[in-house]
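J.: Whatever this is, show me its structure:
(chains A and B)
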Amino acid sequence: AQKITQTQPGMFVQEKEAVTLDCTYDTSDQSYGLFWYKQPSSGEMIFLIYQGSYDEQNATEGRYSLNFQKARKSANLVISASQLGDSAMYFCAMSPDNYGQNFVFGPGTRLSVLP
Amino acid sequence: DAGVIQSPRHEVTEMGQEVTLRCKPISGHNSLFWYRQTMMRGLELLIYFNNNVPIDDSGMPEDRFSAKMPNASFSTLKIQPSEPRDSAVYFCASTRDGLNSPLHFGNGTRLTVT
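T.: Below you'll find the predicted structure:
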């Protein structure tokens, strides 16, 4: 069974600094996708970034980048130049390459950006 | 392109009443998921469908919960009878086949059972 671990329940970062949110996963699949989502206090779930298990390059989307280390089974999210609007819950998720695409989510990390 | 549409946005009901939550996935998406989110338990997968067929309903708490997907553009999650511990935000999400396809979430239904 697949499992996602996010060991940081809460994180603080100063505005304009970079922050790394940790994510490790457990799977026996060779092919899978990794995703990060943001949930602000308003409640919606916003897709941020995707990394495929066979992608050799780390994914980047604007200020978001994914530090993918396949051998260590980690997919950490890096947010550069933090902004106050980045304060939210962040969820790491995985989709194995099998029929039906069951998405598995981690418990989340609450990020607070300090002015 | 309209996103995933859930209704109602808020539902307040009394214990013992039947509750029906509705979801319209994004057109062209063939997988649909129902999640429940609470402070205590986080985001829990209840059930997911692929091509309108339930694939995994092991997350459905008990027989009071049922979900249907009669066609590719509509799904319901029903709770009968409802209990106060069912109070949560219920999310519907959809995606299409393919490893790089993210889940697209609806805005959720906040259910309060008194």
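J.: show me where pLDDT drops low in the chain?
T.: If you meant another chain, say so; for now it's chain A. Counting by pLDDT under 70, the low-confidence segments of chain A come to A:97-101.
J.: let's do chain B instead
T.: For chain B, the stretches with pLDDT under 70 are B:1.
J.: Chain A contacts on that one?
T.: B:31, B:33, B:35, B:42-43, B:45, B:48, B:50, B:55-56, B:89, B:91, B:93, B:95, B:97, B:99-105, B:107-108 (C-beta under 8 Å from any C-beta of the partner chain). Every C-beta, even on glycine, is put in place using the N, C-alpha and C of the backbone.
J.: ok, the nearest residue to residue B:10 once chain neighbours are set aside - contacts?
T.: Excluding the flanking residues, the one nearest residue B:10 by C-beta to C-beta, 6 or more residues apart in numbering or on different chains is residue B:110, at 5.0 Å. Taking C-beta atoms under 8 Å, 6 or more residues apart in numbering or on different chains, we find residue B:110 in contact with B:9, B:10, B:11, B:89.
J.: hey, what's residue B:110 bridged with?
T.: Taking DSSP bridges as the rule, residue B:110 bridges to residue B:10, residue B:89.
J.: Ok, residue A:113 next?
T.: Per DSSP bridges, the residues bridged to residue A:113 are residue A:13.
J.: Isn't it up against residue A:81?
T.: No: counting by C-beta atoms under 8 Å, residue A:113 does not reach residue A:81; the two are 10.5 Å apart.
J.: Over to residue B:26. Which of the three states is it?
T.: Taking DSSP: H, G, I helix; E, B strand; the rest coil as the rule, one finds residue B:26 in the coil state.
J.: so what strands line up beside whichever helix or strand residue B:43 is part of?
T.: Here residue B:43, judged by DSSP states H and E, is contained in strand B:42-50. Strand pairing for strand B:42-50, using DSSP bridges, gives strand B:31-38 (antiparallel), strand B:53-56 (antiparallel).
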